Each structure stands twice: as structure tokens, then as C-alpha cells.
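Student: got a sequence here, can you build the structure:
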Amino acid sequence: MAAYAKNSGEYNDLVEVNTGKSVEEESDEQISKETPAELTKKRVGKKPQDVNEEGTYYAAVMENRVDFCGKVVVDVGAGSGILSLFAAQAGAKHVYAVEASEMADYARKLVAGNPLLADRITVIKGKVEEVELPEKADILISEPMGTLLVNERMLESYVIARDRFLIPNGKMFPGVGRIHMAPFSDEYLFVEIANKALFWQQQNYFGVDLTALYGSAFQGYFSQPVVDAFDPRLLVAPATHHVIDFSTIKEEQLYEIDIPLKFTAAVGTRVHGLACWFDVLFDGSTVQRWLTTAPGSPTTHWYQLRCVLAQPIYVMAGQEITGRLHMVAHNNQSYTVYLTLSAKMWGVGAEQGGILQTSSGKMELKEPYYRMSQPQIQTQAYAVSQDQQPQHIQQQDMNIQSLDLEGELLQQELENADVQIQ
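Tutor: From the prediction side, this is the model:
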């Protein structure tokens, strides 16, 4: 398998190393190298947003005790085993907690520490594709979601567990997932990403001309999806969504996901890309409950995800925006994301019917830009309207370069940014 060397500062993906190992071998090797402290911090240690998520799981289980009481439950990718304990609290006859990593050892400790429930929980260390269970399950419970719902490709294991262990018409908690998408406008985010590449415009960096790598750096920064929590007022149009029914989807249908896009702009602005989030449904017999990662809702550890295009497109209020979000799975337990957005450009000199603007980008879901701590300028930006943003930038005492569409910087990179005007 190929690995790419990146330094801790500026973007550098020029070195490709073939490790000669399969994804499973590399994944197992990575897990085995983690110390108990690292594993505990990574998979047991909780942040407030994790507590909120597990609170939703707990409520979904307890509100639907009828689905668990006296039933056989399989916890897929059990981690610390917390969901198995929830199921046992709800009266499950027996819970099989399946976990492939070293976390299975911690799950056993956690279960043993709850003796009133321990005799109804069996922790099994192994992959759902390989382990054998003594009986079929009435219900599956899992947290298979990654960023953009599908990252880490745990949904495939969830579907495999369904096919191997679940009785016909058995329940899945959660049972449905939806990917929500909407175009957004965020001048500050766009400038922040584009300005990162300016480092590589230096012609005399300790006597070295760095400009040969500027184009690669520019494309590299825009290939990173942005993971953060953003103000929903940055959205340009009402969202659309794509439904994935975990109870019926086939494993191979998750290898490639193609979503056509169509929006109507609510405001006139520049569109900088596509914002995405997801929710999942716990379709209980008593209560239906959603777990959402939507902007404006309580923050989860998934946050939201934005695909930023290197070339924005102009839209007017009421104008149609079309495009496509195409995701292709790869062996690094994630997806390559291909995004295209199009809109007509109107104005003096435009042909009859307008000029079609099309902007495209390729992003690696496995290599996001985690934008958790942001400069004050960006926090302030969310408090002002879109039409105030350019003026607001100029008022800040910060060294930030303006990047207008007609500016010299983007003109230099037009041919590298996969943008076309038709």
C-alpha cells in the first residue's frame, strides 16, 4: 500500500512510499502500536459532545425497551462496550459485543465492572466478517458513522453484520442515514485556505526558490475537506439530502456513491463549495429519534464537513445551481470525493441564455483540515451578513491577502484548479 510523506507545516505530498502491506495489515499494525493510554484516550475518553451523542443512543434504547427486552443484541464495533451496557440495561436477553481492536480488552473490563449486567454480555474480539455467534440477533446496535457519514467505511461492516447475524425483519439501531448538502459562501474560509499556499510563492527562502511547488501546494490545500462547526447562515440555498437505508442497502452499493445536486440560490453571492452533514434515525417501536450533526444543532465530534472549490462561482437570488457529488471508496478505509457545481453567469457581454460556470474539485475524505480553533476574525465574521464580509476583512488588523476572482493569484492558478467557463 502507498503512503505519502507530509511535514507538519506546509503541504508536501511529493514522496510516495510503497509499504507492501494490505490495508488490514496496516490497520492492525497501527492498532498494535498504540499504548493502552493512547487507546484509552482515543476510544474511552469522552468530550462533552461525545456525551451528547451517547445520551441520544441511551434515550433511543430506553425509550424503546420493548425492542430490547428479552432479545438477542449484537453490538457491531463495540469499542468500549458502552452501547452493549445500554442494551443490557434495557433488558436484553444477551448482548454480543464484537470488537476487532485491542479495545475489546477494555470492553471486558468495563463489563466486568458492572456485575449486575455482566452475565448477559459477551465480548468477542474479532472482525464481524470472521467471527461466529451461537445464535441470531433480533437487533443490531452500532455507531458506524464517520465524517460525511461514510468515512472510515464502518457502514460496510454494519451491513455485513446485518447479513450474517440479523434475523429476517430484525431491527437496526440506527436504521437509516441521510447525507445533507447545501452550497455555502464563506469568504474568510476561502481566503484562509488560499493564503496557505502563499508560502510557496517565495523566490528566496534561505536562498531557495519555492515557486515550483506553488501549484501543487495550492491544489493540495483545496483537496482537504474542512471539518468544523459553521454558522448555518453561511448556506446559500435550502439543503437537499441523500438517503441510505441500512436495512436494505447492499455492501457493494457503498463502494461508489453518486449524488446529483440541484439547488435554488436564496441570495446573490459567491458560492465557495458544498457543505455537508448527516443524521441517523433510531426507528423504535415506541419512539423515533434522530441523531443530527446539522449546523446550528448541538455540536458532535463529527462536526460538519465542507468541500471548498478553488474557484468560486457567482449566483443571483433565485438562480439554479446544479452539480454532482461523487464518492469512490478506496483501500485506506475512506473515499475520494469528486465535486462539481455549475451555474449560469449573467451580465454585460454574456451570451443569450448566460454563460455556464463550472467549478470542480477532488478531495480526500481521509485527509481533512480540522479547523477547530479559528482566528477571531472568523468568529466575528459569522456575526455579520454576507454582504458585509469583504468590508469586515479590511477592518481587521491582520495580514491577510484579498483573493478576488479577477485577482492575480487565482488567475495564476486557473489552469490548475479544474475550472472551466463554457
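Student: tell me where the stretch 251-400 of the chain has strands.
Tutor: Remark: strands assigned in the stretch 251-400 of the chain by DSSP state E, counting those that start in this stretch are 256-264, 269-283, 288-292, 304-315, 320-330, 334-345, 355-364, 369-370.
Student: now the helices for this structure?
Tutor: All helices of the chain, identified by DSSP state H, fall at 23-33, 36-43, 48-62, 65-68, 82-89, 103-112, 115-118, 154-165, 187-196, 214-222, 376-381, 389-395, 408-413.
Student: excluding its backbone neighbours, what's nearest Thr240?
Tutor: Closest residue to Thr240 apart from its sequence neighbours, by Cβ to Cβ, 6 or more residues apart in numbering: Met181 at 5.8 Å. (Glycine included, C-beta is placed from N, CA and C.)
Student: show me the beta-bridge partners of the one you found.
Tutor: Thr240, Cys276 (DSSP bridges).
Student: so what's it scoring on pLDDT?
Tutor: pLDDT for Met181: 99.
Student: give the contact list for it.
Tutor: Taking Cβ atoms under 8 Å, 6 or more residues apart in numbering, we find Met181 in contact with Ala239, Thr240, His241, His242, Ile259, Leu261, Leu274, Ala275, Cys276, Leu325.
Student: contacts only, for Thr292.
Tutor: Contacts for Thr292 were tallied using Cβ under 8 Å, 6+ apart; they are Trp277, Phe278, Asp279.
Student: list just the nearest of those to Val176.
Tutor: Lowest distance from Val176 to the contacts of Thr292 (Cβ to Cβ) belongs to Asp279, with 8.9 Å.
Student: so who does that closest one touch?
Tutor: Gly177, Arg178, His180, Trp290, Leu291, Thr292, Thr293, Ala294.
Student: show me the shaky parts of the stretch 251-400 of the chain.
Tutor: 346-353, 373-400 (pLDDT under 70).
Student: residue closest to the middle of this structure?
Tutor: Thr147 (2.1 Å; Cα atoms, centre = their mean).
Student: assess the claim that it and Arg306 are in contact.
Tutor: No - taking contacts as Cβ atoms under 8 Å, Thr147 lies outside contact range of Arg306: 10.9 Å.
Student: from Glu320, how far out is Ser359?
Tutor: In this view, Ser359 and Glu320 are 15 Å apart by Cβ to Cβ, to the nearest Å.
Student: repeat that for Asn195.
Tutor: 31 Å.
Student: for these two, indicate the residue with more neighbours.
Tutor: Neighbours were counted for Asn195 and for Glu320 using other Cβ atoms under 10 Å; Asn195 has more, 16 against 13.
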